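> Sharing a model that was predicted from the sequence below.
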Amino acid sequence: MAGHSDSSSSEKKSSEAMNDVPTFSTENMQNNMKVIYYSRTFMSIIGGVIAGILGFTGFMGFIFYFLVMANTSIGLIAKAKFSVHLYFDSWNRIILDGFMGGLMSFVLFWTFAYDIVHIF
Amino acid sequence: MAEDLVLDTAIRDWVLIPLSVVMVLIGILRYFVSKLMRSFQVPDPKIVKEGHIHLFSSFTFRQVIVRARNLRGAANFIPPKSFRSRRVYFSNEKNLSMIIPQTLTFAWVNFFFSGFVAAKIPFPLTQRFRSMLQNGIDLSTVDVSYVSSRSWYFLNLFGLRGLFSLILGEENAMDDTQRMMQMGGFGFDPSKSLTAEKDGLDIVQHEWALPKFEHRAEAVLKKLVS
């Protein structure tokens, strides 16, 4: 299966298009998924702490979360050199994957930072 | 009425931080114990078979969930009979082994940290959530944003999974599906995630892809030769 790794990044090419049943190199796919997941989680934690410290409440906080997620997506797409299909099997992965899990971490750290700075 | 309550610093010192620290430590403990258990593969099936709800059997749940997920992902590549037998094994084991640590921690939280406002969540929720989030607080005029420590426990439960995956270096299999993301039915979540995983296993239609591979190999070789 096609799977050679980029020299400078940890994302690996994972698709080969010559068969009628497209087969992906599972190991590379999973590695790429992990990279996305880690990036999103990290960014949501940092974003949560920032939102809490800045005192965002309610809707503003969620808008901030969407902004942070959009930035993460753009960063990941740029890292994949804009040829997403070589690294992932669909657009949805790089844009939506890990969104919900990141939301929970964001809310936790947002609540934590907000309480520590503003309420107590 | 959005007056800002000022909460005692002691609550922060003695409730929020200890609860989070304890949950992080328990997660780390689980991880290392499951790593240890993996090197003692033989005792695990014995413990499960005997059916005792031993405390240590609960630590096998991570490897169980990871293996179940692998099974689902690769289900089409193994013969039907072994897939079915593996599926049955996983359904039986997972129901036993995940609920226990979460239940214990939840009982501890309810016993020690109840009856006061613990934190304020920065976003407003509707009145429907009042009974869920403010279980120990008997004043009905307090803003729904001021929550009890039970909701802090659940917030930690969900939010720390991401942190664990970062610091412990692998996913740690605290899997959940879209169902858990709904805000209702908080007390029921661990069994829900297990049933969701079980349903996922049930739904997987087993199509054995192996016979097709021969055709594919033939087509590929033909292309190479011609």
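Received, thanks.

> can you count the residues close to B:T105?
17 (other CB atoms under 10 Å in any protein chain shown). Backbone N, C-alpha and C define where each C-beta goes, glycine included.

> middle-most residue in chain A, spatially?
Nearest to the mean C-alpha position of chain A, by CA atoms, centre = their mean, lies A:R40 at 3.3 Å.

> Identify the residues contacting the closest residue to it other than its chain neighbours.
Leaving out its chain neighbours, the residue that sits closest to A:R40 by CB to CB, 6 or more residues apart in numbering or on different chains is A:G98, at 4.0 Å. Neighbour list for A:G98: A:I36, A:Y37, A:R40, A:T41 [criterion: CB atoms under 8 Å, 6 or more residues apart in numbering or on different chains].

> re earlier: can you tell me the helix or strand for the residue nearest to the centre of chain A?
Following DSSP states H and E, one finds A:R40 within helix A:26-54.

> returning to that earlier point: buried ones among the contacts of A:G98?
A:I36, A:Y37, A:R40, A:T41 (16 or more other CB atoms under 10 Å in any protein chain shown).

> From B:R216, how far off is the third one?
When you say that, I think you mean A:R40. A:R40 sits 35 Å away from B:R216, going by CB to CB, to the nearest Å.

> Helix or strand: which one has the closest residue to chain B within chain A?
In chain A, the residue that lies nearest chain B is A:L108 (2.7 Å; CB to the nearest CB). A:L108 belongs to helix A:99-114 when assigned by DSSP H and E.

> Residues contacting that helix, please?
A:37, A:40-41, A:43-45, A:47-53, A:55-57, A:61, A:65, A:68-69, B:16, B:20, B:119-122, B:155-156, B:158-163, B:178, B:181.

> can I get the CA coordinates of stretch B:18-26 in CSV?
What follows is stretch B:18-26, C-alpha atoms only, in CSV (Å, rounded to 0.1, in the frame of the first residue of the first chain):
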residue,chain,number,x,y,z
PRO,B,18,-9.1,18.4,44.3
LEU,B,19,-11.9,16.8,42.2
SER,B,20,-10.1,17.5,39.0
VAL,B,21,-6.8,16.3,40.4
VAL,B,22,-8.3,13.1,41.7
MET,B,23,-10.0,12.4,38.4
VAL,B,24,-6.7,12.9,36.5
LEU,B,25,-4.9,10.7,39.0
ILE,B,26,-7.5,7.9,38.7
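
> So which bits of that stretch are buried?
B:L19, B:S20, B:M23.

> any idea which helix or strand carries the second one?
Using DSSP H and E, the secondary-structure element containing B:S20 is helix B:17-39.

> For A:I53, which residues are in contact?
A:A113, A:Y114, A:V117.

> I'd like those laid out as CSV, including neighbour count and pLDDT.
As requested, the contacts of A:I53 are arranged in CSV below (neighbours: other CB atoms under 10 Å in any protein chain shown; pLDDT from 0 to 100):
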residue, neighbour count, pLDDT
A:A113, 19, 90
A:Y114, 25, 88
A:V117, 13, 83
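
> Format the residues you listed as TSV; extra columns: distance to B:F32.
As requested, these are arranged in TSV below (distance: CB to CB, whole Å):
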residue	distance to B:F32
A:A113	29
A:Y114	32
A:V117	33
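
> per-residue confidence at A:G52?
With respect to pLDDT, A:G52 has a value of 90.

> Can you tell me the closest non-neighbouring residue to the residue of chain B found nearest chain A?
Residue of chain B nearest chain A, by CB to the nearest CB: B:G159 (2.7 Å). Spatially, and ignoring its direct neighbours in sequence, B:G159 is nearest to A:L108 (2.7 Å; CB to CB, 6+ apart).

> May I see the buried ones among the contacts of A:G98 organised as CSV, with pLDDT and distance to A:S90 added?
Converted to CSV, the buried ones among the contacts of A:G98 look like this (pLDDT from 0 to 100; distance: CB to CB, whole Å):
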residue, pLDDT, distance to A:S90
A:I36, 85, 12
A:Y37, 85, 16
A:R40, 88, 17
A:T41, 89, 21
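
> now the helices for chain B?
Assigned helices in chain B, in chain order: B:9-11, B:17-39, B:43-50, B:61-73, B:80-97, B:99-112, B:130-133, B:149-167, B:189-203, B:210-225 (criterion: DSSP state H).

> hmm, back to that, right, quick check: the helix holding B:S20 against chain A, any contact?
Yes. Judged by CB under 8 Å from any CB of the partner chain, helix B:17-39 and chain A are in contact via B:S20.

> For the closest residue to A:L76 other than its chain neighbours, the count of nearby residues, please.
Distances taken as CB to CB, 6+ apart place A:I94 nearest to A:L76, at 5.5 Å, with adjacent residues excluded. A count of nearby residues for A:I94, using other CB under 10 Å, gives 21.

> do the same with B:L36
B:L36: 11 neighbours (other CB under 10 Å).

> Now do the same contact list for A:V117.
A:G52, A:I53, A:G55.
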